[in-house]
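Enquirer: From the sequence below, what's the structure:
(one chain, ligands or ions: 2)
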Amino acid sequence: MFRSPRGVEIKKPEQLLQMRAAGLVVAKALAETSAAVRPGISTAELDAIAADVIAGAGATPSFLGYGAVRGVGGFPGVTCISINDEVVHGIPGDRVLKEGDLVSIDCGAVVNGWHGDSAQTVFVGTPSAEDAGLSEATRMAMWHGVAAATLGGHVGDISAAVESYVRGLEQGYGIVEEYVGHGIGSAMHQPPDVPNVGKPGRGPRIVEGLALAVEPMLTRGAPGNSVLADDWTVVTDDGRPAAHWEHTMTVTRTGIWVLTADDGGEEMLAAFGAPFGPLAD
Ligand code: MG
Ligand code: MG
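Expert: Numbering: from 1, shown residues only. Ligands and ions are numbered 1, 2, ... in the order given. Next up is the predicted model:
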């Protein structure tokens, strides 16, 4: 019905089913990792839990070695674990979690060459009301973006839905703009970018077979950020906390299908009055 936007990988239904399989592996890895979050556990221990889930499912991690040049370097973890003022791309290691920490866990897995990518923010024990509000705003911003996707619509519809929801909140959260959502499929990061600010009707068309990662990053202060000397960890410049939520999704002829949500997004999409459109196995 609509011509495919240039440079965008269009997935066949059987390929989307592979991405669903990858998405369910990621969902399980995030659920088990998040459930293990407690005072005294190290981020390396959390990373090992995700690694076990991915290996146990016969999948491979998307993140490990990401960005390597001729096999050298690259991201050293299976997850990115970003704590408090860390926005994204935190490296799992010796850091030990303590009561009240805000922990964003991002994970990707590959099944038969097809990727899934998802992130969530959880807390060690009981969060402050301000941190809980930040995470909930980020989660809802993600869902506003996901629910705004329609066939024949534009990527900008997603961006605008994320931005207008956040700008409409009483609290003035910062929207990180340097890092964005993305196309996903046979690689974790593909065109098109999915910014978290934008205007409806702009950007590439949303067509059947397009898969996107929608991933707002919000801060409790200013959105300005920097990369630490480890070349990965992104931190807020003002030291205020940040939250990160992400799902991988596609739009079928019948509606939206959230590939990294256990229920495919059915419950949240219903709350938004958006059509749920899973493909049958
Ligand atoms: Mg991710
Ligand atoms: Mg992503």
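
Enquirer: From now on I want contacts and neighbour counts done on CA atoms only, so please keep to that.
Expert: Noted.

Enquirer: Please report the distance of the spatially closest residue to residue 101 that is not a sequence neighbour from residue 37.
Expert: Among residues not flanking residue 101 along the chain, residue 124 sits closest, at 5.3 Å (C-alpha to C-alpha, 6 or more residues apart in numbering). Plainly put, residue 124 is 6 Å away from residue 37 if you go by C-alpha to C-alpha, to the nearest Å.

Enquirer: Need the overlap of contacts for those two.
Expert: Residues touching both residue 124 and residue 37 by C-alpha atoms under 8 Å, 6 or more residues apart in numbering: residue 97.

Enquirer: And the two? Which one has more around it.
Expert: residue 37 (22 against 19; other C-alpha atoms under 10 Å).

Enquirer: Any idea what the one residue in the stretch 151-281 of the chain that gets nearest to ligand 1 is bridged to?
Expert: When scored by C-alpha to the ion, the stretch 151-281 of the chain has residue 246 as its residue closest to ligand 1, at 6.3 Å. Legend: beta-bridge partners of residue 246 under DSSP bridges are residue 119.

Enquirer: In this structure it contacts residue 215, no?
Expert: Yes: assessed by C-alpha atoms under 8 Å, residue 246 is found in contact with residue 215 at 4.1 Å.

Enquirer: Please identify which of the two sits among more neighbours.
Expert: More crowded of residue 246 and residue 215, by other C-alpha under 10 Å: residue 215, with 30 against 26.

Enquirer: quick one, what contacts that one?
Expert: With C-alpha under 8 Å, 6+ apart, residue 215 has these contacts: 119, 142, 180-181, 196, 244-247.

Enquirer: hmm, which two among the residues you listed are most spread apart?
Expert: Maximum pairwise distance among those (C-alpha to C-alpha): 15.2 Å, between 119 and 196.

Enquirer: picking that back up, which ones are touching the residue of the stretch 151-281 of the chain closest to ligand 1?
Expert: Taking C-alpha under 8 Å, 6+ apart, one finds 106, 117-120, 139, 142, 213-216 in contact with residue 246.

Enquirer: tell me the two of those residues that are most distant?
Expert: 117 and 139 (15.1 Å).

Enquirer: re earlier: out of the contacts of residue 246, who's the most crowded?
Expert: residue 216 (33 neighbours).

Enquirer: Just list the residues touching that one, thanks.
Expert: Here residue 216 is in contact with 138, 141-142, 162, 175-176, 180-181, 196, 244-246 (criterion: C-alpha under 8 Å, 6+ apart).

Enquirer: and the end-to-end length of stretch 256-264?
Expert: 9 Å.

Enquirer: secondary structure class for residue 158?
Expert: helix (DSSP: H, G, I helix; E, B strand; the rest coil).
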